[in-house]
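Asks: can't give you the sequence, but here's the structure:
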């Protein structure tokens, strides 16, 4: 895929945008005049000083996907290309305080830059449930207002922070009104790279707080287990989890040291990793007799068979699970703009 550098537009009315900053990738959706677009890129940030090859590779042509983001006197590089495998040396941040880091800010600013717009009437960000209370107010103060990070002036007029699974829940409720039933509640199980969240609410969006929760655990657990199995069998180095993940998602063999490895049997031997997470989800929900259970998130496919077995009920995968949260964030922002215009 060829990356086309966006033409920055200053919309008089501003735009609505939702950004889902995950440990593995940033997923974003933005809308102007009713048209919504989505895009994503890896959650990888490098100090500009750590890019010694930049000056030489620029002789062969600039990588327009690489954005330099300046924050507080420091410069960072964010590569917004989502079609190439990440370097084996990449170490992702999986700390609970990630939202307060300069790297997190660089990813948010890169998403704003990649949207093609410079004024945002409403921006919605998401946080895992288990860190929501710790960081929500901080993010509102951090990203609402005027920003200059090396690409001109960007304006965020209003900002809302909501729990991540509420995005997928809101998108489903907004787009499937005929399926909403006051006799049951909906549980959105959001499984990401490093966290799992459960949001349960009625059709009218009244949360069932006793059946909401979040905890560490997601795709990273499964991928590390597969890497350990591969290393044990092939005695090689399998440290690039992104390559393993991409091979599974694309249903293609993993190319390792010139040979192709079918990952299917390795994936099938990860139940001892997924079962504890699925049991924790079941404990949070307590019962499924009164629920419509939705699975969302980029890692839902790793847990879906075990989740259906553990819950002993139908678990429906939402449309476009990887982007469901960001789309829901954006739709919530659109609705907020509509209310403020009345």
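Replies: Yep, it's here. Note that the structure is predicted; figures quoted are calculated from it, not measured.
Asks: Residue 64: which element?
Replies: According to DSSP states H and E, residue 64 maps onto no helix or strand at all.
Asks: Neighbours of it, how many?
Replies: Residues near residue 64, counting by other CB atoms under 10 Å, number 13. For every residue, glycine as well, the C-beta is placed using N, CA and C.
Asks: Look up how far residue 112 lies from it.
Replies: Plainly put, residue 64 is 17 Å away from residue 112 if you go by CB to CB, to the nearest Å.
Asks: do the same with residue 21
Replies: Noted for residue 21: a distance of 12 Å to residue 112, by CB to CB.
Asks: where do the helices sit along the stretch 201-342 of the chain?
Replies: Taking DSSP state H, counting those that start in this stretch as the criterion, the stretch 201-342 of the chain contains helices spanning 219-234, 241-249, 264-268, 271-285, 300-311, 324-341.
Asks: Ok, which of these comes nearest residue 136?
Replies: helix 324-341 (13.5 Å; CB to CB).
Asks: the inter-axis angle of the closest one versus helix 300-311?
Replies: Using axes from the mean of the first three to the mean of the last three CA atoms, to 10 degrees, the inter-axis angle of helix 324-341 relative to helix 300-311 is 100 degrees.
Asks: Show me which positions of helix 324-341 end up buried.
Replies: Within helix 324-341, the residues scored as buried using 16 or more other CB atoms under 10 Å are 324-334, 336-337.
Asks: what's it packed up against?
Replies: Counting contacts by 3 or more CB pairs under 8 Å, 6 or more residues apart in numbering; DSSP states H and E, helix 324-341 is packed against strand 15-21, strand 25-32, strand 35-42, strand 119-127, strand 153-163, helix 164-175.
Asks: Comparing these, which comes out most buried?
Replies: Highest mean neighbour count of the helices and strands packed on helix 324-341: strand 15-21, a mean of 28 (counted as mean count of other CB atoms under 10 Å).
Asks: Adjacent strands (with direction) for that one?
Replies: Paired neighbours of strand 15-21 in the sheet (DSSP bridges): strand 25-32 (antiparallel), strand 119-127 (parallel).
Asks: And the contacts of it?
Replies: Under the criterion CB atoms under 8 Å, 6 or more residues apart in numbering, residues 26-32, 43, 99, 104, 107-108, 111-112, 115, 117, 119-126, 164, 167, 323, 325-334, 336-337 lie in contact with strand 15-21.
Asks: sorry, back to before: and the helices and strands packed on helix 324-341 as JSON lines, adding distance to residue 48 and mean pLDDT?
Replies: Converted to JSON lines, these look like this (distance: least, CB to CB, whole Å; pLDDT from 0 to 100):
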{"stretch": "strand 15-21", "distance to residue 48": "20", "mean pLDDT": "95"}
{"stretch": "strand 25-32", "distance to residue 48": "19", "mean pLDDT": "93"}
{"stretch": "strand 35-42", "distance to residue 48": "17", "mean pLDDT": "92"}
{"stretch": "strand 119-127", "distance to residue 48": "25", "mean pLDDT": "95"}
{"stretch": "strand 153-163", "distance to residue 48": "19", "mean pLDDT": "95"}
{"stretch": "helix 164-175", "distance to residue 48": "30", "mean pLDDT": "89"}
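Asks: Distance-wise, check the residue nearest to residue 22 when sequence neighbours are not counted relative to residue 322.
Replies: Spatial nearest neighbour of residue 22, chain neighbours left out: residue 192 (5.2 Å); criterion: CB to CB, 6 or more residues apart in numbering. Using CB to CB, residue 192 is found at 10 Å from residue 322.
Asks: circling back: adding distance to residue 144, write the helices and strands packed on helix 324-341 out as TSV.
Replies: Below are the helices and strands packed on helix 324-341 laid out as TSV (distance: least, CB to CB, whole Å):
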stretch	distance to residue 144
strand 15-21	13
strand 25-32	17
strand 35-42	22
strand 119-127	8
strand 153-163	4
helix 164-175	19
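Asks: which stretch among these comes nearest residue 298?
Replies: Of all the helices and strands packed on helix 324-341, strand 25-32 comes closest under CB to CB, at 7.0 Å.
Asks: Tell me who's in contact with residue 180.
Replies: By CB under 8 Å, 6+ apart, the contact set of residue 180 is 173, 186, 203.
Asks: so who does the second one touch?
Replies: Taking CB under 8 Å, 6+ apart as the criterion, residue 186 is in contact with 169, 172, 173, 180, 200, 201, 202, 203, 291, 292, 293, 294.
Asks: Show me what it is bridged to.
Replies: Counting by DSSP bridges, residue 186 is bridged to residue 201, residue 292.
Asks: how near is it to residue 163?
Replies: Here the criterion is CB to CB. By it, residue 186 lies 14 Å from residue 163.
Asks: quick revisit: which one of the helices and strands packed on helix 324-341 lies closest to residue 82?
Replies: Per CB to CB, nearest to residue 82 of these: strand 35-42, 5.0 Å.
Asks: residues making contact with that closest one?
Replies: Contact with strand 35-42 is made by 24-31, 65, 78-82, 86, 90, 110-111, 114-115, 242, 322-323, 326-327, 330, as judged by CB under 8 Å, 6+ apart.
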